[in-house]
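*Asks:* output the structure for:
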Amino acid sequence: VSWLGPWHLETFMGVMESDRYVSNALLWGIRLTFRPLHKLEVGFSRTAQWGGEGRPQDLHTFGNLLLGKDNSRNQNNIDEPGNQLASIDWRLGGRLFNDADVAFYGQLVGEDESNFAPSRFIALFGADTALTGPNSHHRFYLEYIDTTTESIKGDGSASPNVAYEHKLYKSGYRFRNRAIGAATDNDSRMLTFAHDLFLGDDQQISWSVSKLSLNRDGTDLPAPGGNTLSYVINSNFWLADARYSVLLDPWRLTFGLYYQTEELTYAQESINQNGAYMAWEARW
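*Replies:* Next up, the predicted model:
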C-alpha cells in the first residue's frame, strides 16, 4: 500500500444520551486519511448509530453494519443494524505565484445506502488561500454547503427531510439540539466568505459573512427530528461575525460580535439579530 503515502486511521465507540428516542444508542465512527500525492489529501469516514434500548447490539448486528446491510428486509425492522453516514473528502493544494498557497477542498456525505454503497449525497465545496508576512499570517476562504440530499445534482431529484434523520433512530444525528454534522442542520444552504488573521503565535482576528437558507422545504417534522434552527419557515438571511482570540497560556480567550438579518428560534429560545459573546478554554 505504498501508493497511499502517509496515512492515518482512527476509530471510536461512544454511548449517546438516555433521553433520546432510542435510549443509550451507541455511536461508532472510523476515519482513514492518506496522501497519495504531495498536494492531494483524501479521507474516508463512516459513522453509525446502532444498538440502544430495544435494538440488537451483538457482534452479528455490528458485522451487518460494517458490511453496509442497512436497509431492512423485515417488516418490523428488526434486522436494521443502524443509522449510518459515509463520506469522502479531499483537499488539493499548492503554491501559486511566490507567496500564496491555494487549495480546493470538498466533501460528499452519503445519507443512505444502495447496493452496499453510499447514496443520497449532501455536499460541501470550498477554496482557500494563505498569505504569509513577516509577523502575520492571512487565510481567506470561500465555502458552500448544501444539506438537502441530491440537491447538488440540480435535476429535480432533491429529497428533503432525509439528512440526519432516520425511521428508527428518530432523534437523528443530533446532540443537545445541534446536528452532528453541518451547523445549519438539514435542508439548508450556506455560502460563506471569511478571513483569519494570525498575529504571532498568540493572537487571532477573524471575520466572516454568510448567506443562509435554512429548512428550505419549509416543513416541520414531528419531534424529536427536524431542522433545529428553523422549524417551519424557509429562512433566508445574512449573518456577519467578528471575533478576537488571545492565548494566555494555558487559556484561550475569545470575544466576538455577530449580526443577522433575521431572528431565529433555537432550542425553543429566540436568537437575537445581534449580540456579543465570550468564550474561554484551557489548552494543554
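
*Asks:* helix, strand or coil for residue 254?
*Replies:* strand (DSSP: H, G, I helix; E, B strand; the rest coil).

*Asks:* residues near it, how many?
*Replies:* Applying the criterion other CB atoms under 10 Å, we find 15 residues in the vicinity of residue 254. No exception for glycine: its C-beta is placed from N, CA and C like everyone else's.

*Asks:* show me the contacts for it.
*Replies:* 243-245, 277-280 (CB atoms under 8 Å, 6 or more residues apart in numbering).

*Asks:* which one of the residues you listed sits closest to residue 101?
*Replies:* For the contacts of residue 254, the residue nearest residue 101 by CB to CB is residue 245; the value is 22.0 Å.

*Asks:* quickly find the element holding that closest one.
*Replies:* strand 235-248 (DSSP states H and E).

*Asks:* and that strand, which strands flank it?
*Replies:* As defined by DSSP bridges, the strand partners of strand 235-248 come to strand 203-214 (antiparallel), strand 251-260 (antiparallel).

*Asks:* need the residues that contact that strand.
*Replies:* Strand 235-248 is contacted by residues 201-215, 229, 252-262, 264, 283 when judged by CB under 8 Å, 6+ apart.

*Asks:* low-scoring stretches of the stretch 51-200 of the chain, by residue?
*Replies:* Judged by pLDDT under 70, the stretch 51-200 of the chain has its weakly predicted residues at 71-79, 97-99.

*Asks:* going along the chain, name the helices of it.
*Replies:* With DSSP state H, counting those that start in this stretch applied, the stretch 51-200 of the chain shows helices at 59-66, listed in chain order.

*Asks:* tell me where it has strands.
*Replies:* In the stretch 51-200 of the chain, strands defined by DSSP state E, counting those that start in this stretch lie at 82-96, 100-114, 117-132, 136-146, 174-175, 178-179, 189-199, listed in chain order.

*Asks:* buried ones in the last one, by neighbour count?
*Replies:* Yep, that's strand 189-199 we're talking about. For strand 189-199, the buried set under the neighbour-count rule, 16 or more other CB atoms under 10 Å, comprises 189-190, 192, 194, 196-198.

*Asks:* those into TSV, with extra columns for distance to residue 88?
*Replies:* Rendered in TSV, the data for these read as follows (distance: CB to CB, whole Å):
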residue	distance to residue 88
189	21
190	21
192	22
194	24
196	26
197	32
198	30
